[in-house]
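K.L.:
Here is my input, please return the structure:
(one chain, ligands or ions: 1)
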Amino acid sequence: MADKIPFTRNFECEYGKIYQFSPLIRRITVKNPGPFTFKGTNSYIIGRGEVAVIDPGPVDEAHIRALLQGLGDERISHIFLTHTHRDHSPGAARLKTISGAPTYAFGPHPVIKTAGPQLDDGGDKDFTPDFALKDGQEIAGSGWTLEAVHTPGHISNHLCFCLAEEKALFTGDHVMGWSTSVIAPPWGHMGDYFTALEKLLERDDDIYWPAHGGQVKRPKTLTRALIAHRRMREAAIVERLKAGDRSIADMVAQLYRDIDPRLVFAAGLSVQAHLEHLIEKGIAGYASVTQDEFILL
Ligand SMILES: [Zn+2]
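P.N.:
Reported below is the predicted structural model:
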């Protein structure tokens, strides 16, 4: 399935180095590689002289030092966060202390009470933005304007940011050029994710700058492929339900052959997200009161 998505893993990144791509866009990548972060979290520097930073990343002193050294005499005036996962936002507090710049994001990490043991959701629960942004809100700095685009799905407080001067969209973890996004309930929501992907198709952004991996030069082609991929996955899950599979584990074993063992748990959550979406649409239902078995309606 995944081979139909035009992913690329070509990504030049020397840790500690600031790459300049356009008059207003620079990027420096945190050294936090992993199965979900690819080579690491991208921090973007927007503008010249008085700049904004999008996603300072985790607390990583070497990264913050490289960022500040690279900026030299330039001043950070704004700090933007795409969302509150720990690979994106904790560095904001450190950067705010040093620069005095306020933070801008949709809101704090969502609190969701789950039955059973509380999973570690990778959230930065200490973060509260100085300014909570709404969908469509614009923030202007010195020579740049960023528009908040609310894109829940990966997490309910996820924002993309559009740099108006370059029709460039900073897509965070919503759309990435190297891999699909993790949509893991209860923080992730497949229905919201589909809607937020469709929302990008209605825009006319020229390029995407994701929080992991390289820029996406044909953004709508990728977004359409991601939608098609999820629709295919959903159809495959309906087929597994038709075939008599009832548990998520059975479906994962059939649908995700040869995957990295570190990603099996995430695959299960993705299947769960699809099943919850099918339940919301009235296509599937729970087969047991414990809500761990599923049937077609
Ligand atoms: Zn994330």
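
K.L.:
so Leu222, which of the three states?
P.N.:
Secondary structure, DSSP: H, G, I helix; E, B strand; the rest coil: Leu222 is helix.

K.L.:
That one and Asp87, how far apart?
P.N.:
According to Cβ to Cβ, to the nearest Å, Leu222 and Asp87 sit 21 Å apart. In this view, the C-beta of every residue, glycine as well, is placed from N, C-alpha and C.

K.L.:
try Trp187
P.N.:
Per Cβ to Cβ, Trp187 is found 14 Å from Asp87.

K.L.:
what does Lys113 give?
P.N.:
According to Cβ to Cβ, Lys113 and Asp87 sit 24 Å apart.

K.L.:
Those two - which one has more neighbours?
P.N.:
A count of neighbours by other Cβ atoms under 10 Å puts Asp87 above the other of Lys113 and Asp87, at 23 against 6.

K.L.:
So for the more buried one, what's the nearest residue that isn't a sequence neighbour?
P.N.:
Once flanking residues are discounted, Asp87 sits nearest to Thr41: 4.8 Å by Cβ to Cβ, 6 or more residues apart in numbering.

K.L.:
Ok, Ala228 next?
P.N.:
Lys4 (7.0 Å).

K.L.:
Touching, the one you found and Leu226? I think so.
P.N.:
No: counting by Cβ atoms under 8 Å, Lys4 does not reach Leu226; the two are 10.2 Å apart.

K.L.:
More neighbours: these two, which one.
P.N.:
Taking neighbours as other Cβ under 10 Å, Lys4 and Leu226 compare with Leu226 leading, 22 against 10.

K.L.:
List the buried residues for the one helix or strand the more buried one maps to?
P.N.:
Using DSSP states H and E, Leu226 sits within helix 219-242. Buried residues in helix 219-242, defined by neighbour count with 16 or more other Cβ atoms under 10 Å: 219, 222-227, 229-230, 233-234, 236-238, 240-241.

K.L.:
Tell me the one of the residues you listed nearest the ion?
P.N.:
Set against the ion, the nearest of the buried residues of helix 219-242 by Cβ to the ion is Leu226 (15.6 Å).

K.L.:
Which residues are in contact with that closest one?
P.N.:
Shown in contact with Leu226 (Cβ atoms under 8 Å, 6 or more residues apart in numbering): 5, 175, 180, 197.

K.L.:
from these, which ones fall inside helices?
P.N.:
Leu197 (DSSP state H).

K.L.:
Scan the contacts of Leu226 and report the most crowded one.
P.N.:
Greatest neighbour count in those, by other Cβ under 10 Å, goes to Val175: 23 neighbours.

K.L.:
is it true that it touches Pro210?
P.N.:
Yes: assessed by Cβ under 8 Å, Val175 is found in contact with Pro210 at 6.5 Å.

K.L.:
Count the neighbours of Arg246 for me.
P.N.:
Neighbour tally, Arg246, other Cβ under 10 Å: 15.

K.L.:
Hmm, Ala287 and it touching each other?
P.N.:
Yes: using Cβ under 8 Å, Arg246 is in contact with Ala287, at 5.6 Å.

K.L.:
Just the pLDDT at the most centrally placed residue in the chain, thanks.
P.N.:
In the chain, the residue lying closest to the centroid (Cα atoms, centre = their mean) is Asp173, at 1.5 Å. pLDDT recorded at Asp173 is 98.

K.L.:
ok, now how distant is it from His158?
P.N.:
Asp173 is 7 Å from His158, where distance means Cβ to Cβ.

K.L.:
what touches both of those two?
P.N.:
82-83.

K.L.:
For the chain, which residues are neighbours of the ion?
P.N.:
Within the chain, the residues that sit near the ion (Cβ under 5 Å from the ion) are 85, 173.

K.L.:
Sketch out the low-pLDDT regions of the chain for me.
P.N.:
Residues of the chain that meet the criterion pLDDT under 70 lie in 1-3, 115-119.
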